[in-house]
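> with the sequence up front, the predicted model follows.
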Amino acid sequence: MKNIYGIHPTAIIGDGVSIGENVTLGANSIVYDNVFLGDHTIVGPNCILGEPTADLYSGCASYRNPVLIIGPHSLIRSGTTIYAGSELGEYFECGHRVTIREKARIGRNVRIGTLSDIQGRCEIGNYVRFHSNVHIGQKSVIKDYVWIFPYVVLTNDPHPPSETLIGVTVEEFAVVATMSVILPGVVVGRDSLVGASSLVRKNVEPETIVAGSPAKVVASIHDVKSKADGSNVYPWRETFDRGMPWQGIGYEQWRAMHNNRQG
Amino acid sequence: MKNIYGIHPTAIIGDGVSIGENVTLGANSIVYDNVFLGDHTIVGPNCILGEPTADLYSGCASYRNPVLIIGPHSLIRSGTTIYAGSELGEYFECGHRVTIREKARIGRNVRIGTLSDIQGRCEIGNYVRFHSNVHIGQKSVIKDYVWIFPYVVLTNDPHPPSETLIGVTVEEFAVVATMSVILPGVVVGRDSLVGASSLVRKNVEPETIVAGSPAKVVASIHDVKSKADGSNVYPWRETFDRGMPWQGIGYEQWRAMHNNRQG
Amino acid sequence: MKNIYGIHPTAIIGDGVSIGENVTLGANSIVYDNVFLGDHTIVGPNCILGEPTADLYSGCASYRNPVLIIGPHSLIRSGTTIYAGSELGEYFECGHRVTIREKARIGRNVRIGTLSDIQGRCEIGNYVRFHSNVHIGQKSVIKDYVWIFPYVVLTNDPHPPSETLIGVTVEEFAVVATMSVILPGVVVGRDSLVGASSLVRKNVEPETIVAGSPAKVVASIHDVKSKADGSNVYPWRETFDRGMPWQGIGYEQWRAMHNNRQG
């Protein structure tokens, strides 16, 4: 296909923008001041990078757009808006019309689905997966290898409306299923699973399944068996590898190698 | 109003695109390769038709955009993205910023509301109605005359994350109300009604109302009476006809005529 | 930053459009016929103002775009679509990709979050706050100082699908938390609080907290104490003032002044 790659003539580029090698900027995309785009990154049509923060409009005459860094080898699909003042690691990938606000710190190899709304002032680890239409409140902390499914909301205000924001923490390898709400300050433990349509008011212990509204403990993740062959399904890192660093070799072997490299 | 109809000069059109008679392409719309646009179809501003699939980015040098067919007399409102490799029947209509991914097979006279997210690899029948912000997972099968209301999610992964996708089936004339989640593999029966905010884990029998989290049977659809005059409300095809093929003549008479024509 | 303010050369402006002093129209924005833009209003890129109603497409040859009025000092962020035939008061502010349909009457100092979907034919008071992704059905009536949080849906059809629309009413100072659904005709009382993930089927009394699916009374708002110092949290107007007319002076003093001015 022609006319897909390269800087489209309709793209608008501000001052102090750094564009790496082999970058694509789609039609009608806008890059505001002080954006750094890593090599080989593809930005689809109608995207806005470096969207000014609210400070621009609050009468701050000396406003200077904070720096936005987008890592190399990223793929940002059409209609996405990423604010100034965030940092995204390499191999970032997202769907259409995603919003990422200021002061989001996002690791490498993260994927965020269509229409997701990252409210900024949050930390997102490596190899995290958000499906479509996930809402991440400010002050959230999401560790590596977390999966969050559609229409999940991570809240932060214990007495809305208030000036107190207490973020949710989601630990490594945890999974939050569709349409669940996590209340402020809750810790979703490592390797745990939150069932669909749950309202989570209390911390979720590691390796535990909770479900319901309000959510209660229903099982250990080790109790879930595959209908096909009766084998264990969780922890999912032992049964799933697509897009993960252990793809093709299995988690245990990768972990062993990884530990050796670090040792 | 001027400047609404016709091919806008800012529209971008790829190779192998077939544009029927009397077609409108709004400002800043993009039509990628191998899209067929039926006669009298209106595409609003900022739409993307024939969005390339992920194969384009996976290093497949021989990538050729799959064919996208959009039927005649369709109305695609602004900001909508439809992937290559899908097929939409005549008189398709959608709201703003809808996403339809690859390998969706959509019948005729279907309407899809603003911000809905059709994940592709699914089948949608004729005269189906999705309100705003409906999420249809891959492998879903939706029969004719189904209504799905805002923020409903049809899921597909029984053990997220896994490589097993088991779609939901929604049978003819079924209604799924706001904010409900249907779990993988569930069959929502003909003429049934799923109440708002339900979590549906088991099949729903025909002509049955289920509600709750988890959803339980609460009544037969024949138990629902109009507050105005005490008459039956369901099956809805006997009390509602706007936009349906039986509009103005009633379902029974239309059905009789239809059967005669086929006989 | 340059290139942020003023009428961008790529903006498209219809007939009968009135643009006040010091207005910004971002890149690729479209203003259809008969839109009035108040002084000092900023419209971001990719916005559509005065979107034609469905009457345009229903074969009405004499279609004339209804008037859209947007008050002065408004800030409309990128990708937002506002239909013809609505009226928005001064100091309106919204996030990205908001949709507001026809016949919405919106007061002054209202803020609407990213991806919210206002279905039109509704009334929204002054100083109302909608967070991201709020869905307001037709016939809704929302009074002054109401807060609605992400993924809340205000429904209107008691027997979907039907031609009967009965709107929800939300009274002054009420708060509806994340992911709640309010059923048709329900009145959410003054100073009340609807907990997260609730399904509200019955009226909520003033100063009452309801929660659950279906929602039940759980407490009086006066029972909620701050974890920090044990003081009352609600009514929130006594503990929160950001962006409110009593900012800096407190609600009671402001109210006293306000009553004096009116008296």
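Alright, I've got the coordinates. Residues are numbered from 1 along each chain as shown, chains lettered A, B, ... in the order given.

> flag the shaky bits of chain A, pLDDT-wise.
A:3, A:260-263 (pLDDT under 70).

> all helices of chain A, in order?
A:251-262 (DSSP state H).

> for the residue nearest the centre of it, which residues make a bridge with it?
Centroid-nearest residue in chain A, with C-alpha atoms, centre = their mean: residue A:112, separated by 5.1 Å. Beta bridges link residue A:112 to residue A:94, residue A:130, judged by DSSP bridges.

> starting at the chain centroid, how far to stretch A:198-214?
21 Å (C-alpha atoms, centre = their mean, to the nearest Å).

> try stretch A:160-173
Distance, centroid of stretch A:160-173 to centroid of chain: 15 Å (C-alpha atoms, centre = their mean).

> is chain B within reach of it?
No - for stretch A:160-173, no contact with chain B is found by C-beta under 8 Å from any C-beta of the partner chain; the gap never falls below 10.4 Å. Every C-beta, even on glycine, is put in place using the N, C-alpha and C of the backbone.

> what's the answer for stretch A:192-205, then?
Yes - judged by C-beta under 8 Å from any C-beta, stretch A:192-205 comes into contact with chain B at A:196, A:197.

> any residue of that stretch touching chain C?
Yes - using C-beta under 8 Å from any C-beta, we find that stretch A:192-205 touches chain C at A:197, A:199.

> so which residues on the stretch 101-250 of chain A come close to chain B?
A:114-115, A:129, A:132-133, A:147, A:149-151, A:175, A:177-179, A:196-197, A:212-213, A:224, A:226-228, A:233-234, A:236, A:239-240, A:242.

> now the residue nearest to residue A:255 when sequence neighbours are not counted: how far from residue A:168?
Closest residue to residue A:255 apart from its sequence neighbours, by C-beta to C-beta, 6 or more residues apart in numbering or on different chains: residue A:246 at 7.3 Å. Note on residue A:246: its distance to residue A:168, by C-beta to C-beta, to the nearest Å, is 27 Å.

> have a look at these two and say which one is more surrounded.
Legend: neighbour count by other C-beta atoms under 10 Å in any protein chain shown for residue A:246 and residue A:168, higher for residue A:168 (25 against 17).

> and that one, what are its phi and psi?
With angles defined as degrees, to the nearest 10, residue A:168 sits at phi -90, psi 150.

> wait, it touches residue A:158, no?
No - using C-beta atoms under 8 Å, residue A:168 makes no contact with residue A:158, being 11.4 Å away.

> list residues touching both of the two?
A:183, A:184, A:185 (C-beta atoms under 8 Å, 6 or more residues apart in numbering or on different chains).

> any of these buried? List them.
Of the members of those, the ones counted as buried by neighbours, 16 or more other C-beta atoms under 10 Å in any protein chain shown, are A:183, A:184, A:185.

> now, which of the residues you listed sits nearest residue B:219?
Closest approach to residue B:219 among those (C-beta to C-beta): residue A:183, at 32.6 Å.

> next up, the contacts around that closest one.
A:155, A:158, A:168, A:199, A:200, A:201, C:196 are the contacts of residue A:183 under C-beta under 8 Å, 6+ apart.

> residue A:51 touches residue A:83, doesn't it?
Yes - counting by C-beta under 8 Å, residue A:83 is a contact partner of residue A:51 at 4.5 Å.

> pretty sure the residue nearest to the centre of chain A is touching residue A:99, no?
No - here residue A:112 lies out of contact with residue A:99, judged by C-beta under 8 Å, at a distance of 9.8 Å.

> what sits in contact with each of the two?
Among the neighbours of residue A:112, those also in contact with residue A:99 (C-beta under 8 Å, 6+ apart) are residue A:118.

> so for stretch A:197-208, what gets flagged as buried?
Buried-residue list, stretch A:197-208, by 16+ other C-beta under 10 Å: A:197, A:198, A:199, A:200, A:201, A:204, A:205, A:206, A:207, A:208.

> contact residues of the stretch 101-250 of chain A facing chain C?
Listed as neighbours of chain C in the stretch 101-250 of chain A under the rule C-beta under 8 Å from any C-beta: A:115, A:117, A:119, A:133, A:135, A:151, A:153, A:155, A:158-164, A:179, A:181, A:183, A:197, A:199, A:213.

> the residues you listed, buried ones only, as a PyMOL selection?
Per 16+ other C-beta under 10 Å, the buried members of those correspond to this PyMOL selection:
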select buried, chain A and resi 115+117+119+133+135+151+153+155+158+159+160+161+162+164+179+181+183+197+199+213
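
> out of the residues of the stretch 101-250 of chain A next to chain C, which are inside strands?
A:117, A:135, A:153, A:181, A:199 (DSSP state E).

> most widely separated two among those residues?
Pairwise over these, using C-beta to C-beta, the maximum falls at A:117 and A:199, 19.4 Å.

> pull out the buried residues from the residues of the stretch 101-250 of chain A next to chain B.
Of those, these count as buried by 16+ other C-beta under 10 Å: A:114-115, A:129, A:132-133, A:147, A:149-151, A:175, A:177-179, A:196-197, A:212-213, A:233-234, A:236, A:239-240.

> tell me the contacts of residue A:8?
A:25, A:26, A:27, A:28, A:29, A:45.

> redo those residues as CSV? Include distance to residue C:33.
Formatted as CSV, the contacts of residue A:8 follow (distance: C-beta to C-beta, whole Å):
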residue, distance to residue C:33
A:25, 33
A:26, 30
A:27, 26
A:28, 23
A:29, 28
A:45, 27
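
> now, which of those residues lie close to chain C?
Answer for those near chain C (C-beta under 8 Å from any C-beta): residue A:28.

> need the contacts of residue A:8 in JSON lines (columns: distance to residue A:7 and neighbour count).
Output for these, formatted as JSON lines (distance: C-beta to C-beta, whole Å; neighbours: other C-beta atoms under 10 Å in any protein chain shown):
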{"residue": "A:25", "distance to residue A:7": "5", "neighbour count": "28"}
{"residue": "A:26", "distance to residue A:7": "9", "neighbour count": "26"}
{"residue": "A:27", "distance to residue A:7": "10", "neighbour count": "21"}
{"residue": "A:28", "distance to residue A:7": "12", "neighbour count": "27"}
{"residue": "A:29", "distance to residue A:7": "9", "neighbour count": "26"}
{"residue": "A:45", "distance to residue A:7": "12", "neighbour count": "25"}
